[in-house]
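In: Next come a sequence and a model predicted from it.
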Amino acid sequence: MKTFTHTIVPNRAIRWLAPAFVASLIVIAVACAPRKEAPAPPPVPPPQAAAPTPSLQTFTATAYTIEGKTASGGHTHDGVVAADPKVLPIGTRIRVTDAGSYSGVYTVTDTGRAIHGHEVDIYIANNAEAKKFGKKTVKVEVLHDGKGGRNDDHKPTRVSDAEPADTTR
């Protein structure tokens, strides 16, 4: 009969072997564990559409020559118009077309008792020119809505003085 002998591992080796065994079990458990999917990135917002092109509206235009203070607190000068504040609030920047040599960019700085709805009154310093202007049907494009405050510091020039009117729209 054969005899089997056992080799006994010294205590020092067991102390080193146990932590190594536990560490290897942890590594195996982590490697085999099911993985969580990374959260989906937030949805990309749809591209914003370009700002709509301002539409042309039909107005009746007349001219006025009265010098003095405007409803916005400034003084009358070239480049200002009076309008119904319910339609075009004070401070609104507009482009007027089909007004002959008075087609151009204006700022609404005044109102008038006789102006109602889709009417604009263009300030023209010369009485004879204002009478010659008469009453015209014009197109008005709103470039910037007014906020109802004072906006008389900037004195715009008419488009006819600065650049040709854009009639391609």
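Out: On my side now, so go ahead. Not measured: the values here are computed from a predicted model.

In: Please make it C-alpha for all contacts and neighbour counts, starting now.
Out: Fine.

In: Specify which residues of this structure, grouped into ranges, have pLDDT under the cut-off.
Out: 1-18, 33, 48-54, 147-169 (pLDDT under 70).

In: rerun that using 80 as the cut-off
Out: The chain contains residues with pLDDT under 80 at 1-41, 44-55, 146-169.

In: Would you state the strands of it in chain order?
Out: 56-64, 80-83, 93-97, 104-110, 119-123, 136-144 (DSSP state E).

In: Export those strands as JSON lines, with columns for mean neighbour count and distance to Pro41.
Out: As requested, those are arranged in JSON lines below (neighbours: other C-alpha atoms under 10 Å; distance: least, C-alpha to C-alpha, whole Å):
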{"stretch": "strand 56-64", "mean neighbour count": "18", "distance to Pro41": "43"}
{"stretch": "strand 80-83", "mean neighbour count": "28", "distance to Pro41": "51"}
{"stretch": "strand 93-97", "mean neighbour count": "23", "distance to Pro41": "43"}
{"stretch": "strand 104-110", "mean neighbour count": "28", "distance to Pro41": "47"}
{"stretch": "strand 119-123", "mean neighbour count": "24", "distance to Pro41": "53"}
{"stretch": "strand 136-144", "mean neighbour count": "18", "distance to Pro41": "38"}
